[in-house]
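Asker: sequence first, then the predicted structure, then my questions.
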Amino acid sequence: MSDDRLIVALDVPNAVAGLKLAETLGDSVSFYKIGLGMLTGGGLALANELKTEAGKRIFLDMKLFDIGATVEAAVRGLAQFDLDFLTVHGDPHVVRAAKEGAANSDMKILAVTILTSLDRGDLDDCMIRDGAIPDLVTERAGRALDAGADGVIASPQEAALIRQLPESTGRLIVTPGVRPAGSDSGDQKRITTPAQAIANGSDHIVVGRPIWQHEDPKSAAQAILADLG
Ligand code: C5P
């Protein structure tokens with residue numbers, strides 16, 4: 001089994017393209033993230049295939065948010081797919097409901113705190129209370145972990161702050177926004193290298209475009225794994 005600290009985001013158009021990429025990456029990658037964009041392109045079938053046929057670990061990035069009863073029902077349904085990680089928004093009632101839904105499975109519930117695409121102006125538009133984003137993220141992470149989340153999604157910078165919370169002991173921090181030194185940052189703003197993200201306290205890094213857009217995805221993945229040491 002390869003180093004499962006690297007999770008590759010399969011942000012390709014459909015399950016056929018996802019399967020092809022996973023075949024190209026072969027044994028070098030053991031953990032994949034399937035997101036909302038793939039859901040209507042056969043995402044759950046792809047998750048099943050990668051899990052049962054190739055023995056891969058699967059992170060389903062659904063960022064669920066609804067009334068508790070609906071979240072619980074959705075998570076209970078998804079738990080039948082033998083997934084490893086599932087994301088929900090980090091509001092305590094959502095996290096508690098998701099944990100109920102996942103109760104009879106090994107699926108870990110990861111909480112999203114504040115989407116990294118939002119700035120303070122966006123939060124004002126959403127009527128989110130005053131405060132600097134890193135402080136709000138850290139407080140929301142603490143509340144989600146208190147509500148029972150198995151971990152949180154955090155940018156590399158946030159990871160270091162969240163790792164200092166007593167609530168984060170024994171919980172997972174999963175970090176997107178990671179770029180190998182010298183690669184294009186794309187629309188990611190608060191980035192670090194893979195090794196720095198792990199040094200900041202992340203357990204897993206999520207990397208998409210630097211791998212799937214690369215002309216040689218397998219060597220790109222292997223370079224990231226080498227950086228993890
Ligand atoms: O291509 P890139 O490496 O930027 O992909 C990162 C992945 O992590 C994408 O699937 C993106 O949707 C996801 N993500 C993120 N930032 C978050 C949460 C998820 O970039 N805060």
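Answerer: That came through fine.
Asker: D84 - how many residues pack around it?
Answerer: 19 (other CB atoms under 10 Å). The C-beta positions use only the backbone N, C-alpha and C, and glycine is treated the same way.
Asker: so what's it up against?
Answerer: 31, 57-59, 106-108 (CB atoms under 8 Å, 6 or more residues apart in numbering).
Asker: reformat those residues as TSV; add distance to the ligand, pLDDT and secondary structure.
Answerer: Shown next, in TSV, are these (distance: CB to the nearest ligand atom, whole Å; pLDDT from 0 to 100; DSSP: H, G, I helix; E, B strand; the rest coil):
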residue	distance to the ligand	pLDDT	secondary structure
F31	13	98	strand
R57	16	98	strand
I58	14	98	strand
F59	10	98	strand
D106	22	97	coil
M107	18	98	coil
K108	16	98	strand
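Asker: ok, so of these, who is nearest I133?
Answerer: Distance to I133, by CB to CB, is smallest for F59 among these, at 24.0 Å.
Asker: show me what contacts the closest one?
Answerer: Contact analysis of F59 by CB under 8 Å, 6+ apart lists 7, 31-34, 83-87, 110, 174, 206.
Asker: could you rerun that using 6 Å?
Answerer: Contacts of F59 were listed using CB atoms under 6 Å, 6 or more residues apart in numbering, and they are 7, 33, 85.
Asker: top of these by neighbour count?
Answerer: The most crowded member of the contacts of F59, judged by other CB under 10 Å, is I7 (26 neighbours).
Asker: quick check, that one in a strand?
Answerer: Yes - checked against DSSP: H, G, I helix; E, B strand; the rest coil, I7 lies within a strand.
Asker: you'd agree it is up against V206?
Answerer: Yes - applying CB atoms under 6 Å, one finds I7 in contact with V206, separated by 4.7 Å.
Asker: now do the shared contacts for those two.
Answerer: Common neighbours of I7 and V206 (CB under 6 Å, 6+ apart) are K33.
Asker: get me the contact residues on the protein for the ligand.
Answerer: Counting by CB under 6 Å from any ligand atom, the chain comes close to the ligand at 9, 11, 35, 115-116, 153, 176-177, 186, 188, 206-209.
Asker: let's see it at 5 Å
Answerer: Contacts of the chain with the ligand, taken as CB under 5 Å from any ligand atom, map to 9, 11, 116, 176, 188, 206-209.
Asker: of those residues, closest to E139?
Answerer: T116 (16.3 Å).
Asker: I'd like to know how many residues surround the closest residue to the ligand within the chain.
Answerer: Relative to the ligand, the nearest point of the chain is G208 (2.7 Å; CB to the nearest ligand atom). Counted with other CB under 10 Å, the neighbours of G208 add up to 19.
Asker: name the nearest residue to it, sequence neighbours excluded.
Answerer: Spatial nearest neighbour of G208, chain neighbours left out: A9 (3.4 Å); criterion: CB to CB, 6 or more residues apart in numbering.
Asker: likewise for D150?
Answerer: Nearest residue to D150 in three dimensions, chain neighbours excluded: K108, at 3.8 Å (CB to CB, 6+ apart).
Asker: that neighbour contacts L86, doesn't it?
Answerer: No - with contact defined as CB under 6 Å, K108 does not reach L86; the gap is 7.3 Å.
Asker: which one of these two has more residues nearby?
Answerer: Using other CB under 10 Å as the criterion, K108 and L86 rank with L86 on top: 26 against 19.
Asker: so what's that one scoring on pLDDT?
Answerer: L86 carries a pLDDT value of 98.
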